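Colleague: Here is a sequence together with a model predicted from it:
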Number of protein chains: 2
Amino acid sequence: MKLRILVADDEPELVELVEFNLKQAGYSIATAVDGAEALKKARSQPPDLILLDIMMPEMDGLEVCKILRREPATAKVPIIMLTAKASEIDRVLGLELGADDYLTKPFSVRELLLRIKKILARSQTEETAKDQLRCGDLLVDLPRHLVSWKNKPIEMTATEFKLLSILMERAGRVQSRDQLLRDVWAYDSLIDTRTVDTHMRRLREKLGPAAKHLDTIRGTGYRFTE
Amino acid sequence: MKLRILVADDEPELVELVEFNLKQAGYSIATAVDGAEALKKARSQPPDLILLDIMMPEMDGLEVCKILRREPATAKVPIIMLTAKASEIDRVLGLELGADDYLTKPFSVRELLLRIKKILARSQTEETAKDQLRCGDLLVDLPRHLVSWKNKPIEMTATEFKLLSILMERAGRVQSRDQLLRDVWAYDSLIDTRTVDTHMRRLREKLGPAAKHLDTIRGTGYRFTE
DNA sequence: ACGCGGTTGTCACGCATTTGTCACAGTAAT
DNA sequence: ATTACTGTGACAAATGCGTGACAACCGCGT
């Protein structure tokens, strides 16, 4: 299966050049001409890698990068930043943004391909770790939407699945009911916080013995522990 | 049909030896005495595999390799590099060149044949596996636009065929309705997401017993499972 | 151009499951 | 013991999906 790359830059000539060469190299390409579009496309169908120009209309690359990193669906997609000014590099690679690599314009196509290959090779090997959450005998496969305990599958509803995923992703850290409502129910604060309790109960019932990982932190929230 | 191999080396004795043995082994052989000739012959009629000496007059093997990789017609032809110096191996196998294998001179004919066989076998199976999707008794032939179950053909409309192909390509992973709309209907977001349901139904009707592979993941999407 | 058969998108209905809420029981902390 | 918080059972509302019917659409041969 082809690896998908999103190219976001406001210079059509550069996009076209890059697109042509990457397609040549066997990748599947999507493009965006500004930050907003890049964000939208990355969200709707997270690619395997993103080439992100810093200077763009609507929303600049730094902002897009930050947002993508913040959202679980795109948090782990590698990002290569493109910049004209060498002075911006520090900020790009800083922890606050978490871009994986950078290229200063103008860059050679050959170099671009090398970097892409390197980064994709890395994330490919990490792939299994990327979309599978494991803890002892408990396994959550996100793309397959499967939960299993000692290799025996456990049926889950959509919300239960999401709830468990979020808790496991943030394993060890306590999640308040409000936080869970925001992350699992997506911005619908109009729901009673006690509803979380009910779903935790159902989750515990279904998990059976594996429910031992679900801790209640009285007065604070819930936590997944190893 | 015989598989064609291009042998490029500037040592006539070695070329003759290799040519003799490969013909013996049932391959069809073309030869070149320098890089320029190798490039020309590879371009005019891409062989199934190329043996490429690194040290050659006119143009060295590394350069030829790079150029061949860059051009779509020859980008996927496997290349085995021949080198006298072990120190050159790193560069050869590095990502920048993308050679498939290498041999250090002097090499035994037996070893050469083994490597050729291995690489050709790999590219052969990749080829056939590429345009056919199989799962148990269910077979989808992409270029022939044919679906069959236990060797009995099943009639499919264009959209049904695409839908099934996409699902099988991403077998195991859940596809949301939005995702399917994008991939099957090619970016027509103006279509109702529930339309996917109808097509899944029609697909299931036509597949009959084979429809057991099509899972509905409530609140998430659909999935093809083995 | 025309009409035809098959294909495709939409809608409304009904069912089963999921989901949110509430009251009450249970439990830990002060 | 009291208080504050969480677990539990039951229930009604909401949601999501399969289904059948239908109209718009398209390709295609005449």
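Modeller: Okay, I see it.

Colleague: Enumerate the residues of chain A near DNA strand C.
Modeller: Proximity of chain A to DNA strand C (Cβ under 7 Å from any atom of the strand) is limited to residues A:155, A:157-160, A:185, A:190-192, A:194-195, A:198-199, A:202, A:218. From N, CA and C alone the C-beta is placed, and that goes for glycine too.

Colleague: So whatever residue of chain A ends up closest to chain B versus A:Ile5, what's the distance?
Modeller: Of all residues in chain A, A:Ala158 sits closest to chain B, with a separation of 3.1 Å (Cβ to the nearest Cβ). Distance, A:Ala158 to A:Ile5, using Cβ to Cβ, to the nearest Å: 30 Å.

Colleague: Who has more neighbours out of these two?
Modeller: A:Ile5 (24 against 13; other Cβ atoms under 10 Å in any protein chain shown).

Colleague: Then that one would be within a helix, right?
Modeller: No. With DSSP: H, G, I helix; E, B strand; the rest coil as the criterion, A:Ile5 is located in strand rather than a helix.

Colleague: In this structure it contacts A:Gly26, no?
Modeller: No. In terms of Cβ atoms under 8 Å, A:Ile5 does not count as a neighbour of A:Gly26; the distance is 10.5 Å.

Colleague: which is the next helix or strand following the helix or strand bottoming out on mean pLDDT in chain A?
Modeller: Ranked by mean pLDDT, DSSP states H and E, the weakest helix or strand in chain A is helix A:127-130, scoring a mean of 54. Sequence-wise, the next helix or strand downstream of helix A:127-130 (DSSP states H and E) is strand A:132-135.

Colleague: any residues touching that next one, and which ones?
Modeller: Here strand A:132-135 makes contact (Cβ atoms under 8 Å, 6 or more residues apart in numbering or on different chains) with A:139-142, A:165, A:168-169, A:171, A:213, A:224, A:226.

Colleague: Report the mean confidence score over it.
Modeller: The average pLDDT within strand A:132-135 is 83.

Colleague: And that strand, what's buried?
Modeller: For strand A:132-135, burial by neighbour count (16 or more other Cβ atoms under 10 Å in any protein chain shown) applies to A:Leu133.

Colleague: quick one: whichever helix or strand comes after it near chain B?
Modeller: Under the assignment DSSP H and E, the closest C-terminal helix or strand after strand A:132-135 is strand A:138-141. No. Using Cβ under 8 Å from any Cβ of the partner chain, strand A:138-141 stays clear of chain B, coming no nearer than 8.6 Å.

Colleague: hmm, back to that, ok, the residue of chain A closest to chain B to B:Gly219 distance?
Modeller: Taking Cβ to Cβ, one finds A:Ala158 at 3 Å from B:Gly219.

Colleague: Mind checking which of the residues of chain A next to DNA strand C are buried?
Modeller: Members of the residues of chain A next to DNA strand C classed as buried by 16+ other Cβ under 10 Å are A:157, A:160, A:185, A:199.

Colleague: and the second one, what is it in contact with?
Modeller: In other words, A:Glu160. By Cβ under 8 Å, 6+ apart, A:Glu160 lies in contact with A:199, A:202-203, A:206.

Colleague: 6 Å instead?
Modeller: Shown in contact with A:Glu160 (Cβ atoms under 6 Å, 6 or more residues apart in numbering or on different chains): A:Leu203.

Colleague: can you confirm it is in a strand?
Modeller: No. Using three-state DSSP, the secondary structure at A:Glu160 is helix, not a strand.

Colleague: Per-residue pLDDT of it, please?
Modeller: Looking at A:Glu160, its pLDDT stands at 96.

Colleague: ditto for the last one
Modeller: The confidence metric pLDDT takes the value 97 at A:His199.

Colleague: can you tell if whichever strand or helix holds it touches chain B?
Modeller: In this assignment (DSSP H and E), A:His199 forms part of helix A:195-207. No. Helix A:195-207 stays clear of chain B (Cβ under 6 Å from any Cβ of the partner chain), getting no nearer than 13.4 Å.

Colleague: Please name the strands paired to the next helix or strand after that helix in the sheet, noting orientation.
Modeller: Sequence-wise, the next helix or strand downstream of helix A:195-207 (DSSP H and E) is strand A:214-217. If you go by DSSP bridges, strand A:214-217 pairs up with strand A:221-224 (antiparallel).
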